[in-house]
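In: One predicted model, sequence on top.
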Amino acid sequence: MHWADVIASELIEISSFHRIATGISPSGHIHLGNLREMVTADAIRRALIDAGGRAELIYIADDMDPLRRRYPFLPEKYSEFVGMPLCNIPDPDPSGCHESYSEHFLQPFLESLEILGIPVETRRASEMYKQGLYEDAIKVALKNSEKVAKIIREVTGRELEEDWYPFMPICEKCGRINTTKVTGFDENGVYYSCKCGNSGKVGYKGGGKLSWRLDWVARWKILKITCEPFGKDHAAAGGSYDTGKRLAKEVFEYPPPFPVPYEWIHLKGVGAMKSSKGIVIPVRDLVETLPPELVRYVIIRAKPERHIEFDPSIGLLEIIDEFEEKFKEKDRSVQLSLVQEVKYSNVPFRHLIVVGQIANWDLNKAIEILERSGYSSENLKEDVERRLRYCKVWLEKYAPKTLKFEVISGKVEINEEEKKFIEKYAEKLREDMDAETIHKLVYEIAKDCGIDANKAFKAIYKILVGKDYGPRLGYFIKSLGVDWVKKRFHEAY
RNA sequence: GGGCUCGUAGCUCAGCCAGGUAGAGCGACGGGCUUUUAACCCGUCGGUCGCGGGUUCAAAUCCCGUCGAGCCCGCCA
């Protein structure tokens, strides 16, 4: 049974309707590692529906979260914004394409979610706070500060100051949220003093936010969350899910959601993807490189509790092979990955890599080549058009050099034997020959010259692509144009 | 100090939740194929399921312990 179906079957015993929450932080590029949370949630949503239940996905974008420090990808002057809520910090892109720091990272991610077929209700924390949705929760938390502190002490073993409050006001003077300290509260608002020297009072609607461990729990109740995937950092003993469970029951009187902890995705040879370190593959980039079903498949094929070692290069090619194979078997991971009804032709991605390069990414030329090689199906053109685009991007961005070739010009060093072969070959090569004839001619001429066919092929590849090997020769020469190839032979030595 | 995950063929992993004669892909080796760049087809080799104990008619699977690897929490979120 697929992991998503196992979770769905457990959920459906609790209720037939579920609200699944996700909470990826828009504090930097949202990357493949973050995406795991969304795709995991969506796989569960689909599994629930397949099991006869209903489900909705909610994404709480915590744009009230303060900027922790100036990350390496940020300009120098961003030091001054450290501590301010992300929604109040300007777009770090020099073009200022979005209205705030958080929107700059959030927007492309939301676009990607549409491409990935993940229907999600997005709620921004800043808006929820301003709308007053948190008001009751804040009051409950403040009134129960001692109880909250006790729970946190018991679960985490951490010491909290006597006058600790689970609320972080935004300083009206310096705009920071992590430099303030609550000094008291009443019906009108929360009183604070800030390290900047300012002190004052903020309201319950948008004047500040609950500290993380409380904020998370408050959301569960406000949005009626029943299930939530989260990173294993939250899942560790004494982590925020542990405190959350108790706070939910004892302070907010709401049952904690069904937890689905998941592991990090590592970038092969680099380590865990961390937006703060800038080692990431942004989701936006990924959906331009791979068909959506494959992006999903990378995540869905692995159980959430397992590490994923993501290799965007040759390793990805192996996953694509696997996907194409399992696609025929109606594999469950494939089912849960498909976004729309896509009709795959029988052309492997691996082969498109070669054809695309020969055809110089021209669709009609590519189709022509494919048809000559015997591929045919109703949806060939439609499918190739779609996947050829991805293929090109992948090849440019992630493919190992060994899979790329480039038609070269200029002189090439070849020996007498090779020269003799090339000359004879060029002499016999004619424009009206078909690919197969061109190909067979190599063996013929090689035999005449008394050289090994292998050497003959190598000689030609050396001249055309500067390597000992290359794409299947007949089609290659045909698509380059026989006359052009002859000319190339002449200028090569 | 605490928690989680992993340990099964040379490699990557499936199988474990609901116990019933160890699987796949890749690699290697042998063969086929007048080259789809790491194409394709056929075949062979390859594992005391980390280790020790327990439960059971029966354990890779359940339980206890132990060793090794990785990560997380004990700042913030």
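Out: Thanks, I have the structure now.
In: buried stuff in stretch A:251-264?
Out: Neighbour-count burial for stretch A:251-264, counted by 16 or more other CB atoms under 10 Å, picks out A:251-252, A:254, A:256-258, A:260-264. The C-beta positions use only the backbone N, C-alpha and C, and glycine is treated the same way.
In: Burial check on the residue of the stretch 351-493 of chain A found nearest RNA strand B, number of neighbours?
Out: Nearest to RNA strand B, among the residues of the stretch 351-493 of chain A, is A:F457, at 1.8 Å (CB to the nearest atom of the strand). Close neighbours of A:F457, defined as other CB atoms under 10 Å, add up to 18.
In: Tell me the secondary structure at it.
Out: Following DSSP: H, G, I helix; E, B strand; the rest coil, the label given to A:F457 is helix.
In: Surely it is in contact with A:L473?
Out: Yes. Counting by CB atoms under 8 Å, A:F457 touches A:L473, with 6.4 Å between them.
In: Now do the strands in the stretch 301-450 of chain A.
Out: A:308-310 (DSSP state E, counting those that start in this stretch).
In: who in it is up against RNA strand B?
Out: A:302-303, A:305-307, A:309, A:314, A:318, A:322, A:348, A:350-351, A:353-354, A:357, A:373, A:400, A:402-405, A:439-440, A:443 (CB under 7 Å from any atom of the strand).
In: Touching, A:A248 and A:A218? I think so.
Out: No. Taking contacts as CB under 8 Å, A:A248 lies outside contact range of A:A218: 9.3 Å.
In: Between those two, which is the more surrounded one?
Out: A:A218 (26 against 21).
In: Check that one and give its pLDDT.
Out: Among the per-residue scores, A:A218 holds a pLDDT of 95.
In: which non-adjacent residue is nearest it?
Out: Distance criterion CB to CB, 6 or more residues apart in numbering; nearest residue to A:A218, sequence neighbours excluded, is A:A137 at 3.7 Å.
In: Can you tell me the SS state at that neighbour?
Out: Judged by three-state DSSP, the three-state class of A:A137 is helix.
In: And for it, the neighbour number?
Out: 22.
In: just checking, it touches A:W220?
Out: No. Using CB under 8 Å, A:A137 is not in contact with A:W220, being 9.9 Å away.
In: what touches both of the two?
Out: A:F252 (CB atoms under 8 Å, 6 or more residues apart in numbering).
In: mind listing what A:L380 touches?
Out: Applying CB under 8 Å, 6+ apart, the residues near A:L380 are A:345, A:347, A:367, A:370-371.
In: Quick one, grab the pLDDT at it.
Out: On the pLDDT scale, A:L380 gets 83.
In: For the stretch 1-150 of chain A, give the residue positioned nearest to RNA strand B.
Out: Distance from RNA strand B to each residue of the stretch 1-150 of chain A (CB to the nearest atom of the strand) is smallest for A:M1, at 4.2 Å.
In: From A:R296, how far off is that residue?
Out: 19 Å (CB to CB, to the nearest Å).
In: repeat for A:R45
Out: 12 Å.
In: Ok, A:F457 next?
Out: 40 Å.
In: repeat for A:G184
Out: Distance from A:G184 to A:R296, by CB to CB: 50 Å.
In: quick one, which of the two is more surrounded?
Out: Using other CB under 10 Å, the more surrounded residue of A:G184 and A:R296 is A:R296, with 25 against 12.
In: What does the pLDDT read for that one?
Out: 91.
In: Helix, strand or coil: sort out A:F185 for me.
Out: strand.
In: Who is it paired with across the strands?
Out: Beta bridges link A:F185 to A:V190 when assigned by DSSP bridges.
In: do the same with A:F310
Out: Bridge pairing for A:F310 - DSSP bridges - gives A:L267.
In: I'd assumed A:L267 was in contact with it.
Out: Yes. Contact criterion CB under 8 Å: A:F310 and A:L267 qualify, at 5.8 Å.
In: Overlap in contacts, those two.
Out: In contact with both A:F310 and A:L267: A:I281, using CB under 8 Å, 6+ apart.
In: who touches stretch A:162-179?
Out: Against stretch A:162-179 from outside (CB under 8 Å, 6+ apart): A:64, A:66, A:82-85, A:88, A:138, A:141-142, A:145, A:148-149, A:180, A:182-183, A:185, A:190, A:192, A:194-198, A:200, A:202, A:207-211, A:213-214.
In: Endpoint to endpoint, that stretch covers what distance?
Out: One end of stretch A:162-179 to the other measures 18 Å (CA to CA, to the nearest Å).
In: Pull out the buried residues from it.
Out: A:164-171, A:174-179.
In: Please, where are all the helices along the stretch 101-250 of chain A?
Out: For the stretch 101-250 of chain A, applying DSSP state H, counting those that start in this stretch gives helices covering A:101-115, A:125-130, A:135-143, A:145-156, A:212-222, A:232-235, A:240-247.
In: Show me the shaky parts of the stretch 301-450 of chain A.
Out: A:372-374, A:434-436 (pLDDT under 70).
In: for RNA strand B, what are the nearby residues on the stretch 101-250 of chain A?
Out: Neighbours of RNA strand B within the stretch 101-250 of chain A, by CB under 7 Å from any atom of the strand: A:156-159, A:168, A:178, A:211-213, A:215, A:232-240.
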